[in-house]
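*Asks:* Model the following, please.
(one chain, ligands or ions: 1)
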Amino acid sequence: MKIIVVGAEGDIGKAACAELGERHDLIRVGRSSDDIQVDMSDRAAIDKMYARLGPVDAVVSTAGDVHFGPLQEHTDETLMLGLKQKVMGQINLVLAGLKTVVDGGSFTLTSGVLDRDPVRMGVGAATANGALGGFVVGSAIEMPRQLRINVVSPGLLDVSVPRYGKWFPGHNPVSSKRVGRAFAKSVEGAITGQVIIVE
Ligand SMILES: NC(=O)c1ccc[n+]([C@@H]2O[C@H](COP(=O)([O-])OP(=O)(O)OC[C@H]3O[C@@H](n4cnc5c(N)ncnc54)[C@H](OP(=O)(O)O)[C@@H]3O)[C@@H](O)[C@H]2O)c1
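*Replies:* Sure thing, here's the model as predicted:
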């Protein structure tokens, strides 16, 4: 398969690419790193990317900034960062890609553990994750041409512990290998409309 991976250089992106890259042709996309530079929060840039790279068999997103901070310090602006970047960035990859992904192809997005197992300062991520789960469940039943859509929702990755571990007291890190396999399950399998939990 020919697969676009947005966020390929990140911790989750590397896990997804390590697994999918064994069997498929990957086009690695990032905002400033990777083979191709696209800011997924810019719909016009996404349209240009698909015009240049399409048609493709699958689109995988492992990207999406959110603001971490205490609830009482959140503002319209800090919460909108996650909604614009993590939620609408990934949703726009789907909306703009509906005509570019081939019949029977798939979209796989990334959310995370914090809307079911919260930590302090994680409300921005929890809000974004919940929205993505809703989008995937709601959109799967209306996908044209047997297209499928899922979202991978991992716990804290083992490789991310040095960066984020102190904010996740008592959480069991998940293996990057298992997270990579969750992307294979979505891309190569038959499920749709699922939140694929890895923990
Ligand atoms: N790491 C974990 O343990 C973990 C667990 C559960 C959920 N998550 C979620 O998974 C997502 C990725 O996390 P991560 O730790 O892998 O992040 P990361 O290591 O910081 O990497 C993020 C990647 O996404 C790219 N990216 C970010 N915003 C983009 C945009 N607007 N357009 C295009 N590319 C963009 C970055 O590219 P550039 O570097 O070029 O900007 C980078 O390659 C986040 O939403 C995070 O909340 C992470």
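
*Asks:* Skip the chain neighbours and tell me the closest residue to whatever residue of the chain ends up closest to the ligand.
*Replies:* Relative to the ligand, the nearest point of the chain is G10 (2.1 Å; Cβ to the nearest ligand atom). Using the backbone N, CA and C atoms, a C-beta is placed for each residue, glycine as well. Nearest residue to G10 in three dimensions, chain neighbours excluded: T62, at 5.8 Å (Cβ to Cβ, 6 or more residues apart in numbering).

*Asks:* The one you found: neighbouring residues, count only.
*Replies:* 26 (other Cβ atoms under 10 Å).

*Asks:* doesn't G7 make contact with it?
*Replies:* Yes: when contacts are counted by Cβ atoms under 8 Å, T62 is listed as touching G7 (3.9 Å).

*Asks:* Find residues that contact each of these two.
*Replies:* G13, T110 (Cβ atoms under 8 Å, 6 or more residues apart in numbering).

*Asks:* Quick one: list the elements packing against the longest helix along the chain.
*Replies:* Scanning the chain for the helix with the most residues, using DSSP state H, yields helix 123-140. Applying 3 or more Cβ pairs under 8 Å, 6 or more residues apart in numbering; DSSP states H and E, one finds that helix 123-140 contacts helix 76-82, helix 89-97, strand 101-110, strand 148-154, strand 194-198.

*Asks:* What are the contacting residues of the worst-scoring helix or strand of the chain on mean pLDDT?
*Replies:* Every helix and strand in the chain was compared by mean pLDDT, DSSP states H and E; the lowest is strand 36-37, with a mean of 94. Applying Cβ under 8 Å, 6+ apart, the external contacts of strand 36-37 come out as I27, R28, V29, G30, R31, M49, L53.

*Asks:* can you check stretch 87-99 too?
*Replies:* 6, 40-41, 43, 46-47, 50, 56, 59, 61, 63-64, 107, 109-110, 128, 131-132, 135, 139, 144, 147, 149.

*Asks:* again, 7 Å this time
*Replies:* 6, 40-41, 43, 46-47, 50, 59, 61, 63-64, 107, 109, 128, 131-132, 135, 139, 144, 149 (Cβ atoms under 7 Å, 6 or more residues apart in numbering).

*Asks:* Got a ChimeraX select line for the buried ones in those residues?
*Replies:* Filtering the contacts of stretch 87-99 down to the buried ones (16 or more other Cβ atoms under 10 Å) takes a single ChimeraX command:
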select :6,40,41,46,50,59,61,63,64,107,109,128,131,132,135,139,149
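
*Asks:* Spell out which parts of this protein neighbour the ligand.
*Replies:* By Cβ under 6 Å from any ligand atom, the part of the chain that sits against the ligand consists of 6-7, 9-13, 30-33, 38-41, 62-66, 85-86, 89, 110, 112-113, 125, 154, 156-157, 160.
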